[in-house]
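**Q** Sequence first, then the predicted structure:
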Amino acid sequence: MVKMILDVDGMACGMCEAHVNEAVRAAFPVKKVTSSHAKGETVILTEQDIDDAKLKEVIDKTGYEMGTVTREPRKSLPRNRWMRRN
């Protein structure tokens, strides 16, 4: 699992965040994507790394501008499994 943190310039509200999130979800097989106009960033969790140039193309088509990308390896958290006893 890879955590990608993108600097995104130009988002001003929750609708801007939704616009970026929807574009990313439509273009790439991501596990989770969240954006914050206050922080000026989009965070993506994905199983496979995404090419910066392709990501920039998708973000820029939304009318916002992608800056730097930071990557962090992330381990999947173990799922809680409840054992059923008879």
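**A** Perfect, thanks for sending it.
**Q** Quick one: list the elements packing against whichever strand or helix holds A53.
**A** Assigned by DSSP states H and E, A53 belongs to helix 52-61. Judged by 3 or more Cβ pairs under 8 Å, 6 or more residues apart in numbering; DSSP states H and E, helix 52-61 is in contact with strand 2-9, helix 14-27, strand 65-73. (Glycine included, C-beta is placed from N, CA and C.)
**Q** partners of the last one, with directions?
**A** Yep, that's strand 65-73 we're talking about. strand 2-9 (antiparallel) (DSSP bridges).
**Q** Rounded mean pLDDT for the strand it pairs with, please.
**A** Strand 2-9 carries an average pLDDT of 97.
**Q** coming back round to it: now do the helix holding A53 and helix 14-27, the angle between them.
**A** Put simply, helix 52-61 runs at 140 degrees to helix 14-27, going by axes from the mean of the first three to the mean of the last three Cα atoms, to 10 degrees.
**Q** Buried residues, helix 52-61. List them.
**A** By 16 or more other Cβ atoms under 10 Å, the buried positions in helix 52-61 come out as L55, V58, I59.
**Q** pretty sure A12 is in a helix, no?
**A** No: per DSSP: H, G, I helix; E, B strand; the rest coil, A12 lies outside any helix segment and is coil.
**Q** pLDDT-wise, which helix or strand of the chain ranks last?
**A** strand 65-73 (a mean of 94; mean pLDDT, DSSP states H and E).
**Q** Now do P29: how many residues are near it, please.
**A** Neighbours of P29 under the rule other Cβ atoms under 10 Å: 9.
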